[in-house]
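Q: Predicted model and sequence follow; I will ask about them next.
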Amino acid sequence: MKQLRHVLLSGLAAVLLATGCHGIPTAGEQSARRDLDAVTRQYHPAGDAARIQPALTADAGMSNFLAFALLNSPTVAAAYQDWAAAVARITVERSLPDPQLTFSAYLEDDLTSLMPGLMLNLPGPAKLSTAARVATAESRSQYFAFESALLQAAFAFKSAYYNLYFLDERLRINRQTLALLNHLEAAARAQNEVGRGTLQDVYRAQIERDRLAAAITNLEDSRRPLFARFKAALGVTRDQPDPPVPAKFEATPLDLPADDLLATAFARNPQLKAAAAEVRLAEESIGQARQSQAPDFTAGLQAEVYRPPFYWPQASMTLPIWRDKIAAKIAAAQAGQRAAAARLTAAQIRLTVDFAARTYDYRESTRNLALLEKQLLPKARQSLEIARAGYLSGRGDFFNLMDAERTWLNFQIEDVQERSRREITLAELSLTIAGLPPPGAPVIAVSFDGSTPNPLPQP
C-alpha cells in the first residue's frame with residue numbers, strides 16, 4: 001500500500017505540474033498586455049467576430065472612409081498580429097523551462113528498483129527577468145511598427161483620394177472648356193459666314209476642340225489605375241464590389257504652427273519611436289549577453305518506490321568556460337547597440353530634412369493658390385470675356401481669343417493641382433511626419449520609463 005501511495009502521489013504531482021501552474025508576470029508584461037487590450041477594444045482585424053465596419057456611401061465623411069481603410073488594410077492587420085505575437089513572447093521568455101518527469105529502474109531477474117523523479121532546469125540569477133525585459137523592448141518596437149502601418153495606411157488612402165479628386169476636377173474643367181470651344185467654333189463659323197472671320201479661325205477652333213477631346217479620353221482612361229489605388233487603399237479586394245467615392249471634398253485640418261509641429265514630430269513620429277525602441281532593445285541585449293557568463297542549474301529528486309522513504313537528490317550545473325564565445329556575444333550586442341543608436345540619429349536627421357521639405361512644399365502651394373485665386377484666375381476670366389466680346393464684335397483676333405481660352409483652362413487646372421498637392425502635403429505632414437493619428441485611430445501613447453501608457457486623447 002505504501003508503494004502504491006507513492007506512485008499515486010507522484011502521478012498526482014505530475015498532473016498538477018502539467019495543468020495548474022502559472023508564472024508571475026513582470027511589470028513590463030502587464031503593461032504590454034494592457035496596451036494590447038486597449039488597442040484591441042478599438043481595432044478588430046479581419047476575421048474578428050467583434051469587427052463592425054463603417055458603412056460607406058458617397059455622402060459619408062472622410063472619417064468613415066479612413067476607419068474603413070484602417071480596419072481593412074492587410075498591412076495594418078499583419079503589423080497588429082506581429083505586435084500581439086511579440087507581447088505573447090514576453091510570457092514565454094520570463095517563464096521557467098518545463099520540468100521533466102523521470103523514471104529509473106533496475107532490472108536483474110525481476111524489477112528490483114523503481115524510482116520516479118522530477119527534474120527542474122533553473123537558469124542563472126536574473127536571466128529570466130532580463131529575457132523578459134528584452135522581449136518587452138521588442139514588443140514596444142513592434143507596437144510602433146503597428147502605429148506606423150496605421151498612419152501609412154491613412155496616408156495611402158488620403159493620397160489616393162486627393163489624386164482621384166484632382167483627376168475628376170480636371171475632367172470637369174476640360175469638359176466645361178470643351179463646351180466653350182464648341183461655342184467658339186460656332187461663333188467662328190458665324191463670323192466667317194458674314195465675312196468678319198476666316199475659315200482658318202474655324203479650323204483653329206476645331207483643332208483645339210479635337211485636342212481637348214483626346215485629352216479628356218486619355219484622362220477618363222487614366223481614372224482606372226487611380227481608382228484601383230483608391231480601392232486598394234480601402235483594403236477592398238478584386239472580387240468585392242467597387243466602393244463609392246466621397247462626393248464632398250474635405251481638407252486636412254492642421255492648425256499647429258511650424259515650430260510646434262516639428263516638436264510634435266519628434267515626440268510622436270512612430271518611426272523615430274521605433275528607432276528609440278531598437279536602442280532600448282539593444283541595451284537590454286547587452287545585459288543578456290553578459291549574463292551568459294553565469295552558469296545554469298538543474299535540480300531534481302527521485303523516490304525509491306520499493307524502499308520508501310528513500311530519495312535520491314540530483315543536481316547539475318553548466319560550466320561557461322568558452323570565454324571567447326562569451327566575449328563575442330557581448331561584443332556583438334555592443335555593436336548592435338551602437339548601430340541602433342546610429343540609426344536613431346539618422347532617423348532624427350531624416351525627419352528634420354523631410355519636415356523642412358514638406359513645410360516648404362506647403363508654403364509654396366499656399367502662395368501659388370493665393371496668386372491663382374486672387375489674381376490670375378479672375379484676370380484670366382476677364383481676359384477671356386474681353387477677347388470673346390471683341391472677336392464677336394469684329395474688333396478682336398481669333399488667335400488672341402484662343403490664347404485667352406488656353407490661359408483660362410491652364411490656370412483652372414493649376415488651381416486644382418495646387419490644391420491637391422497642398423492636401424497631400426498636409427496629410428504627409430500630419431500623418432507620416434508628425435505622427436498625428438486620425439480621429440478614432442486605435443493608438444496609445446507609449447513611454448519608455450516603464451510606466452503604464454494612457455490612451456491618446458482623440459481630437
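A: Yep, it's here.
Q: starting at the chain centroid, how far to the longest helix seen in the chain?
A: Counting by DSSP state H, the longest helix found in the chain is helix 127-193. With Cα atoms, centre = their mean, to the nearest Å as the basis, helix 127-193 stands 16 Å off its chain's centre.
Q: Also stretch 208-225?
A: With Cα atoms, centre = their mean, you get 35 Å for stretch 208-225.
Q: what's the longest helix of the chain packed up against?
A: Other helices and strands packing on helix 127-193, by 3 or more Cβ pairs under 8 Å, 6 or more residues apart in numbering; DSSP states H and E, are helix 27-40, helix 62-72, helix 74-94, helix 199-233, helix 270-290, helix 377-392, helix 398-427. Quick note: C-beta positions are derived from backbone N, CA and C, even for glycine.
Q: again, only this time at 6 Å
A: If contacts are counted by 3 or more Cβ pairs under 6 Å, 6 or more residues apart in numbering; DSSP states H and E, helix 127-193 sits against helix 27-40, helix 62-72, helix 74-94, helix 199-233, helix 270-290, helix 398-427.
Q: Surely Asn174 touches Ile216?
A: Yes. Using Cβ atoms under 6 Å, Asn174 and Ile216 qualify as a contacting pair, with a distance of 5.0 Å.
Q: more neighbours, these two?
A: Applying other Cβ atoms under 10 Å to Asn174 and Ile216 shows that Asn174 carries more neighbours, namely 19 against 16.
Q: Tell me who's in contact with that one.
A: When contacts are counted by Cβ atoms under 6 Å, 6 or more residues apart in numbering, Asn174 touches Leu212, Ile216.
Q: The same query, at a cut-off of 8 Å, please.
A: Leu212, Ala215, Ile216, Leu219, Leu409 (Cβ atoms under 8 Å, 6 or more residues apart in numbering).
Q: and these, which are buried?
A: Buried members of those, scored by 16 or more other Cβ atoms under 10 Å, are Leu212, Ile216, Leu219, Leu409.
Q: before we move on, back to that, I'd like to know the average pLDDT value across the longest helix of the chain.
A: Averaging pLDDT along helix 127-193 gives 90.
Q: quick check: angle from it to helix 62-72?
A: For helix 127-193 against helix 62-72, the angle by axes from the mean of the first three to the mean of the last three Cα atoms, to 10 degrees is 130 degrees.
Q: pretty sure Glu169 contacts Glu423?
A: No. Using Cβ atoms under 8 Å, Glu169 makes no contact with Glu423, being 11.9 Å away.
Q: Tell me which of these two has more neighbours.
A: Just comparing Glu169 and Glu423: by other Cβ under 10 Å the higher neighbour count belongs to Glu423, 23 against 18.
Q: Could you check how far that one is from Asp361?
A: Distance, Glu423 to Asp361, using Cβ to Cβ, to the nearest Å: 11 Å.
Q: swap in Gly394?
A: Gly394 is 47 Å from Asp361, by Cβ to Cβ.
Q: what about those two, which has more around it?
A: A direct count of neighbours by other Cβ under 10 Å for Gly394 and Asp361 places Asp361 higher, at 17 against 11.
Q: Give me the phi and psi for that one.
A: Phi and psi for Asp361, reported as degrees, to the nearest 10, are phi -60, psi -40.
Q: Count the neighbours of the spatially closest residue to it that is not a sequence neighbour for me.
A: In this structure, Asp361 finds its nearest non-sequential neighbour in Thr425, 4.6 Å apart by Cβ to Cβ, 6 or more residues apart in numbering. The local packing of Thr425 (other Cβ under 10 Å) involves 24 other residues.
Q: Please give me every residue in contact with Thr425.
A: Thr425 neighbours (Cβ under 8 Å, 6+ apart): Arg358, Asp361, Tyr362, Ser365.
Q: swap in Thr432?
A: Thr432 touches Leu151, Gln152, Phe155, counting by Cβ under 8 Å, 6+ apart.
Q: Closest to Pro74 out of these?
A: For those, the residue nearest Pro74 by Cβ to Cβ is Gln152; the value is 12.4 Å.
Q: pretty sure the closest one contacts Leu70?
A: No. Counting by Cβ under 8 Å, Gln152 stays clear of Leu70, with 10.4 Å between them.
Q: Of those two, which one has the most company?
A: Under the criterion of other Cβ under 10 Å, the comparison of Gln152 against Leu70 puts Leu70 first, with 26 against 18.
Q: Just the CA atoms from the longest strand anywhere in the chain would do, formatted as PDB, please.
A: Determined from DSSP state E, the single longest strand within the chain is strand 111-122. Output of strand 111-122 as PDB, limited to C-alpha atoms (Å, rounded to 0.1, in the frame of the first residue of the first chain):
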ATOM      1  CA  LEU A 111      12.200  -5.400 -11.200                       C
ATOM      2  CA  THR A 112      14.300  -4.700  -8.100                       C
ATOM      3  CA  SER A 113      14.100  -0.900  -8.100                       C
ATOM      4  CA  LEU A 114      11.700   1.800  -9.400                       C
ATOM      5  CA  MET A 115      12.400   5.500  -8.900                       C
ATOM      6  CA  PRO A 116      10.100   8.100 -10.300                       C
ATOM      7  CA  GLY A 117      11.500  11.600 -10.100                       C
ATOM      8  CA  LEU A 118      11.200  15.300 -11.100                       C
ATOM      9  CA  MET A 119      13.900  17.400 -12.700                       C
ATOM     10  CA  LEU A 120      13.800  21.200 -13.000                       C
ATOM     11  CA  ASN A 121      16.100  23.400 -15.000                       C
ATOM     12  CA  LEU A 122      16.900  26.700 -13.200                       C
END
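Q: what is the orientation angle of that strand with helix 127-193?
A: Note on geometry: by the same axes, to 10 degrees, strand 111-122 and helix 127-193 are set 50 degrees apart in direction.
Q: So which elements touch strand 111-122?
A: Strand 111-122 packs on helix 2-19, strand 100-107, strand 297-304, strand 310-317, going by 3+ Cβ pairs under 8 Å, 6+ apart.
Q: where among these is the average confidence lowest?
A: Looking at the helices and strands packed on strand 111-122, the weakest mean confidence is helix 2-19, a mean of 50.
Q: where in this structure is pLDDT low?
A: 1-21, 45-52, 107-112, 254-258, 306-310, 445-459 (pLDDT under 70).
Q: Give me the spatial nearest neighbour of the residue nearest the centre of it, chain neighbours excluded.
A: For the chain, the residue nearest the mean C-alpha position is Ala149 (1.0 Å; Cα atoms, centre = their mean). The spatially closest residue to Ala149, leaving aside those adjacent along the chain, is Ala79, at 3.8 Å (Cβ to Cβ, 6+ apart).
Q: List the residues that contact the one you found.
A: Ala79 sits next to Gln142, Ala145, Phe146, Ser148, Ala149, Leu150 when contact means Cβ under 8 Å, 6+ apart.
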